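Peer 1: here are the coordinates; sequence isn't available:
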């Protein structure tokens, strides 16, 4: 059996992933990069009940791009239909009609802005 490697690379972001026995995250660079992604990585995979996703972050500029990489990798490997949707400053991971994960920047977002309803 051939080991499948997943990769995303552009000028600002570069991630490599594979599936093995347990969830694992590593990073090149400083501790700040690791701290930026590790909480979101572990909360996302735990919330989605994913086991075996191993990711190495070579470069990170965009958390949205990192989350998209994770969602696409999980979809391909586990034949799921997760969607990553941007909403009012947040990143939402949904599957069918269920909201499964929310990522907000460290500064957060105003509640009134996030839940704003369009006028009817």
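Peer 2: Here it is on my side, so go on. Fair warning: this is a prediction, and the values are worked out from it, not measured in the lab.
Peer 1: doesn't residue 26 make contact with residue 58?
Peer 2: No - when contacts are counted by CB atoms under 8 Å, residue 58 is not listed as touching residue 26 (9.8 Å). The C-beta positions use only the backbone N, C-alpha and C, and glycine is treated the same way.
Peer 1: And the two? Which one has more around it.
Peer 2: residue 58 (16 against 12; other CB atoms under 10 Å).
Peer 1: Which parts of stretch 31-48 count as buried, going by neighbours?
Peer 2: Across stretch 31-48, burial judged by 16 or more other CB atoms under 10 Å covers 33, 34, 36, 37, 40, 41, 44, 45, 48.
Peer 1: Give me the pLDDT for residue 49.
Peer 2: At residue 49, the predicted lDDT confidence score is 94.
Peer 1: So which residues make contact with the helix or strand of the chain with the lowest mean pLDDT?
Peer 2: Within the chain, no helix or strand scores below helix 111-114, which has a mean of 76 by mean pLDDT, DSSP states H and E. Helix 111-114 is contacted from outside by 87, 88, 89, 90, using CB atoms under 8 Å, 6 or more residues apart in numbering.
Peer 1: Thanks a lot, see you next time.
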